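Q: got a sequence here, can you model it:
(one chain, ligands or ions: 1)
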Amino acid sequence: MLEKKYKVFGTYRRLSTPNFWRLHYLGVYDKVTLIPADIIDSRSISEALKKSNPDEIYHLSAQSFVGASFDQPLYTSDITGFGTVRLLEEVKKYNKEIKIYQASSSEMYGNVNAKVKNENTAFHPSSPYAIAKLYSYWMINLYREAYDIHATNGILFNHESPLRGLEFVTRKVSNGVAKISLGLSNNLKLGNLEAKRDWGYAPEYVEGMWMMLQQKNPDDYVLATGESHTIKDLVNEACMVAGIPTSKVTSSKENFRPFDVLDLKGDYSKTNKKLGWKPKTTFKKLVKIMVEEDIARWQRWLRGEQFPWDASTSGEDSHVLSRKKTK
Ligand code: GDP
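A: Reported below is the predicted structural model:
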């Protein structure tokens with residue numbers, strides 16, 4: 001957005017330990033204006049609107065981890081579901097001309113029986129996260145139709161980069177194999193290796209989000225690569241890049257979810273036709289980017305360098321118990 005000469009405001013939650021490493025990593029911390037706000041608090045949203053007077057809003061705030069939503073279903077509903085309505089209500093009061101992007105999710109399809117998923121596929125959400133996102137999806141549609149607000153849903157399939165949080169499988173793998181390759185760790189324990197995901201490169205998806213808001217009319221759009229791979233494929237590829245044997249990566253029942261989405265593969269043909277968008281980075285290239293970046297970071301860390309980063313301070317999560325399947 002800065003490259004496109006936008007004046008960028010970002011909201012952040014006040015935390016005892018600030019979490020701005022990504023802004024530092026991108027070198028934009030000083031170039032954006034930060035406003036404290038919380039999607040749980042309507043008044044803070046209203047303040048943020050007054051302070052920024054925006055033309056476009058990219059609503060990405062959420063409890064965004066599917067796994068955690070099984071442990072915190074009510075919190076997830078409040079943040080990921082009601083949060084969107086709090087924002088829509090404040091926009092309706094403040095200025096109905098503001099364009100809104102809603103981060104809808106491929107998780108909303110869940111285990112629906114369709115080979116590829118597009119804007120016409122029925123939803124069958126399979127986690128508290130997905131249900132909260134679907135609630136937001138329909139609210140965006142409602143405010144579009146009932147109040148004539150330019151509110152758009154981007155239905156994004158998994159999009160990854162070296163900035164991905166460590167709890168997500170791509171980054172868990174890239175960080176884990178990087179540590180093993182440098183002798184900093186012995187093994188990596190994952191969960192369900194058979195699940196398939198359609199993984200794309202996040203920067204291209206962000207460009208797509210912007211393209212959606214440049215359209216005259218609001219709509220719903222899928223962003224995906226049209227290819228899906230198993231977690232096992234991801235592990236094989238990552239181990240190859242890191243030069244370690246795949247036997248170092250194992251699957252443990254503790255890391256399985258109570259219920260998992262087995263296969264997600266998106267059909268982005270409508271987006272391609274209407275916006276001219278298409279993905280560029282292949283699965284192999286994406287894995288290479290992420291693994292090489294994490295190896296380089298751990299090498300810098302070994303040399304004693306200081307730089308914005310999450311992994312060296314996050315600790316291991318192998319002792320963290322998540323909710324077990326109760327059936
Ligand atoms: P999601 O698609 O938004 O849930 O993204 P994730 O990266 O969290 O998970 C993608 C898939 O990887 C899911 O099917 C998980 O069950 C599977 N998976 C297997 N092992 C792990 C693991 O150790 N961590 C995470 N996060 N996912 C795992």
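
Q: residues of the stretch 1-150 of the chain that sit close to the ligand?
A: 66-67, 107 (Cβ under 6 Å from any ligand atom). (Glycine included, C-beta is placed from N, CA and C.)

Q: compare the residues you listed and tell me which is most surrounded.
A: Glu107 (25 neighbours; other Cβ atoms under 10 Å).

Q: re earlier: of the residues of the stretch 1-150 of the chain next to the ligand, closest to Ile149?
A: Glu107 (24.3 Å; Cβ to Cβ).

Q: what is the three-state secondary structure of the nearest residue to Asp148 once chain neighbours are set aside?
A: Excluding its sequence neighbours, the residue lying closest to Asp148 (Cβ to Cβ, 6 or more residues apart in numbering) is Lys96, at 6.7 Å. Secondary structure, DSSP: H, G, I helix; E, B strand; the rest coil: Lys96 is coil.

Q: the one 4 residues further on now?
A: The three-state label given to Ile100 by three-state DSSP is strand.

Q: repeat that for the one 3 residues further on.
A: Assigned by three-state DSSP, the conformation of Ala103 is strand.

Q: any idea of the pLDDT on it?
A: Note for Ala103: predicted pLDDT of 98.

Q: please apply the same query to Lys115.
A: 89.

Q: so who does the closest residue to it other than its chain neighbours touch?
A: Excluding its sequence neighbours, the residue lying closest to Lys115 (Cβ to Cβ, 6+ apart) is Lys265, at 6.9 Å. Shown in contact with Lys265 (Cβ atoms under 8 Å, 6 or more residues apart in numbering): 115-117, 157, 196, 198, 224, 226-228.

Q: low pLDDT regions in this protein?
A: 315-327 (pLDDT under 70).

Q: next to the ligand, which bits of the stretch 201-327 of the chain? Give me the list.
A: Residues of the stretch 201-327 of the chain lying near the ligand by Cβ under 6 Å from any ligand atom: 231, 255, 257, 260.

Q: any idea which of the residues you listed is closest to Lys5?
A: Of these, the one sitting nearest to Lys5 (Cβ to Cβ) turns out to be Ile231, at 40.1 Å.

Q: confirm for me that that closest one is in contact with Leu193.
A: Yes: counting by Cβ atoms under 8 Å, Ile231 touches Leu193, with 4.5 Å between them.

Q: these two: which has the busier surroundings?
A: Ile231 (20 against 16).

Q: now do the contacts for that one.
A: 169, 173, 190, 192-197.

Q: out of those, which are inside helices?
A: 169, 173 (DSSP state H).

Q: now render the contacts of Ile231 as a markdown table, adding distance to the ligand.
A: Listed next are these as a markdown table, based on distance: Cβ to the nearest ligand atom, whole Å:
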| residue | distance to the ligand |
| --- | --- |
| Val169 | 4 |
| Val173 | 8 |
| Leu190 | 4 |
| Asn192 | 4 |
| Leu193 | 6 |
| Glu194 | 9 |
| Ala195 | 3 |
| Lys196 | 8 |
| Arg197 | 5 |
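
Q: so which of the contacts of Ile231 sit within strands?
A: Members of the contacts of Ile231 lying in strands (criterion: DSSP state E): 190, 196-197.

Q: ok, and the most crowded of those residues?
A: Arg197 (24 neighbours).

Q: can you give me the strands in the stretch 51-200 of the chain?
A: 56-59, 99-105, 151-156, 159-160, 188-190, 196-197, 200-201 (DSSP state E, counting those that start in this stretch).

Q: that should have said the stretch 201-327 of the chain, apologies.
A: Under DSSP E, counting those that start in this stretch, the stretch 201-327 of the chain gives strands at 220-223, 229-230, 249-251.

Q: contacts for the second one?
A: Residues outside strand 229-230 that contact it (Cβ under 8 Å, 6+ apart): 193-197, 199, 283.

Q: and the strands of the stretch 201-327 of the chain, which is most packed in?
A: strand 220-223 (a mean of 25; mean count of other Cβ atoms under 10 Å).

Q: and that strand, which strands flank it?
A: strand 151-156 (parallel) (DSSP bridges).

Q: the strand it pairs with to strand 99-105, inter-axis angle?
A: 30 degrees (axes from the mean of the first three to the mean of the last three Cα atoms, to 10 degrees).

Q: just give me how far strand 151-156 sits from the chain centre.
A: 13 Å (Cα atoms, centre = their mean, to the nearest Å).
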